[in-house]
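S.K.: Okay, predicted coordinates and the sequence, questions at the end:
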Amino acid sequence: MATDSWALAVDEQEAAAESLSNLHLKEEKIKPDANGAVVKPSANAEKTDEEEKEDRAAQSLLNKLIRSNLVDNTNQVEVLQRDPNSPLYSVKSFEELRLKPQLLQGVYAMGFNRPSKIQENALPLMLAEPPQNLIAQSQSGTGKTAAFVLAMLSQVEPANKYPQCLCLSPTYELALQTGKVIEQMGKFYPALKLAYAVRGNKLERGQKISEQIVIGTPGTVLDWCSKLKFIDPKKIKVFVLDEADVMIATQGHQDQSIRIQRMLPRNCQMLLFSATFEDSVWKFAQKVVPDPNVIKLKREEETLDTIKQYYVLCSSRDEKFQALCNLYGAITIAQAMIFCHTRKTASWLAAELSKEGHQVALLSGEMMVEQRAAVIERFREGKEKVLVTTNVCARGIDVEQVSVVINFDLPVDKDGNPDNETYLHRIGRTGRFGKRGLAVNMVDSKHSMNILNRIQEHFNKKIERLDTDDLDEIEKIAN
DNA sequence: AAAAAAT
C-alpha cells in the first residue's frame, strides 16, 4: 500500500520504537549470577532484599490469580441467512474464498493461517455475489476486525481514485488501530491508499479525496460526507460499523451514524460487528439494516471463563486508592488498565498514583489528539505499564500484554444502572486470543455493591472477594 | 457520564 503522510509518520514512529526496544533488550540481557541463578541485572540492581521479597510475592500472587482454564473452543456459531434456501456453507481455509492474490498475500503476511470461527461463517456471506448485509456478534478477540477488513479489501477497486469503503469507529484510538490492520492487510495493493477521517486530520478545503478506503470517527466522517464534501457517499460500496451496538444506540453515536448511513446508496453493503448487542439495540440493528444475515456466537458468557474476576470491598474513594496501591506490585508485573467513570477521576487517580512514586499513563477524551496518539503508542510498546483511562478505552483496544483490568469505578449508565455491555468490553481488554486475564472491581458503597451483584447475576458468574490487606487470604482465594 | 465536530 502506498503510504500517505499520516501512515508514513506511523512507520517512522515504529522504526524508532524498534531501535529503542532493541537497545533496551541489549541492556537487559539475562545472564547467570555467581551462583548460576539467572537474574535480570537491571531489575534487581538497586533493590533491597525486602523489595525483592515483595516482588516475588507479587509475582506469585499474580500467577495464582490468573490461573484459569484454557480456552474452550466449543462455542457454537448460529447463522441466520436472509435467504434460507441458499446453501449454508462455511470455509475452512482462506484459499477457498478465491481472494485476489494480493489480498491472500496480505492475509498470510499478517500471520493468519486459517479462518477463525466467526470468519469461517462470516466471510462466505460477506464475499457472496451480490454482497450480503450482515450483523455479527462474537466475543472480544475472535477476529472480527480481520473479517470486515478482508471484506472491504476484496470489494475495493484500487484503480478508482475515490472512497469506496467506509468504516466507522467509536473512538479516535480504535480508528487508528483498525487503520493499521487495513494498511497491513492491504499492503500488497500498490495503488491502494487509506484516509483517516479523525479529529485533527485537517485537509485543504474544496477538493475530493482520492483514497479508496476511509476509516474514521462519526463526527468527522459526517463532515467529510456532507458539509466539506471530501467524500461522495453515493460511491460507497461497503459500509462497516465497528462496535456497532454503541454506534447505533441512543446513548452512543446513533444520530451521526444514521445520518451517514442515509447518505449511502441503496445497494451499499452494510456490515455491523460487535461483541455485545443489548436487546433493544439488536432490534434496532435489524430495523436499520435491510435484509440482514445474522451471525451469533452462542454462549457469550464463555468469554469470562478465561478471566478471573474479583472485587475489593472499601468504604470510600481514598480506601479504594489505598487498596489499589496494595495491589500495585502485582498488577505491574504485566500491563494493566484502570478504568474510571469520569475524566476528572481518571486525572485525579493518575496524579495521586504518581505522587506515590508510581509511573502511570493517563488517557481520556479531554486530552489533545496528538497527546492521545502518543500515549496509546507508548502503552502498546510497553513503555507504560499502567494506563489510567475512561470508557474511551473500554472497547476494542487490543494490547496483548494487558493481563489485568481494574474497575476503579464500576461501569454504570447515565441512570446509574449497571452497564453490563461496557463491563464485558472493559474486562475483555484482557484474556484476548485465548490468554488468561484478571479483573478486579473496586466497591466503595452499598450502592456500588448492589451494582456489582447485579452484574454478577447478569453474567451468572461468581465474582469473589479479595482482601488486599491480607496476603494469606489472597493466596487462599487464589487457590 | 463519555465519546463524538472544522459546529
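M.R.: Okay, I see it.

S.K.: Right, and DNA strand B sits closest to which residue of the stretch 251-400 of chain A?
M.R.: The nearest approach of the stretch 251-400 of chain A to DNA strand B comes at residue A:365, 2.7 Å away (Cβ to the nearest atom of the strand). C-betas here are computed from N, CA, C, even on glycine.

S.K.: Which part of chain A gets nearest to DNA strand B, residue-wise?
M.R.: residue A:219 (2.3 Å).

S.K.: ok, which residues in the stretch 301-450 of chain A are in contact with DNA strand B?
M.R.: A:341-344, A:364-366, A:390-392, A:413-414 (Cβ under 7 Å from any atom of the strand).

S.K.: Looking at the residues you listed, which has the smallest pLDDT value?
M.R.: Lowest in pLDDT among these is residue A:414, which has 91.

S.K.: Which among the residues of the stretch 301-450 of chain A next to DNA strand B count as buried?
M.R.: Among those, those scoring as buried are A:343, A:364, A:390-392 (criterion: 16 or more other Cβ atoms under 10 Å).

S.K.: So residue A:173: helix, strand or coil?
M.R.: Secondary structure of residue A:173, reduced to three states by DSSP: H, G, I helix; E, B strand; the rest coil: helix.

S.K.: Isn't residue A:145 up against residue A:180?
M.R.: No - with contacts defined as Cβ atoms under 8 Å, residue A:145 does not count as touching residue A:180, sitting 9.9 Å away.

S.K.: got the residues of the stretch 51-200 of chain A near DNA strand B?
M.R.: Contacts of the stretch 51-200 of chain A with DNA strand B, taken as Cβ under 7 Å from any atom of the strand, map to A:170-173, A:198-200.

S.K.: can you pick the most crowded of the residues you listed?
M.R.: Counting neighbours by other Cβ atoms under 10 Å, residue A:173 leads those with 26 neighbours.

S.K.: Spit out the contact partners of that residue.
M.R.: Shown in contact with residue A:173 (Cβ atoms under 8 Å, 6 or more residues apart in numbering): A:363, A:372-373, A:376, A:392-393, A:397.

S.K.: Let's have those in CSV, adding secondary structure.
M.R.: Formatted as CSV, the contacts of residue A:173 follow (three-state DSSP):
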residue, secondary structure
A:363, strand
A:372, helix
A:373, helix
A:376, helix
A:392, helix
A:393, helix
A:397, coil
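
S.K.: now, among the residues you listed, which is nearest to residue A:295?
M.R.: Nearest to residue A:295 among those, counting by Cβ to Cβ, is residue A:397 at 23.4 Å.

S.K.: Which ones among the buried ones among the residues of the stretch 301-450 of chain A next to DNA strand B map onto helices?
M.R.: residue A:343 (DSSP state H).

S.K.: just for the stretch 351-479 of chain A, where's the confidence low?
M.R.: A:433-434, A:470-479 (pLDDT under 70).

S.K.: Sweet, I'm off.
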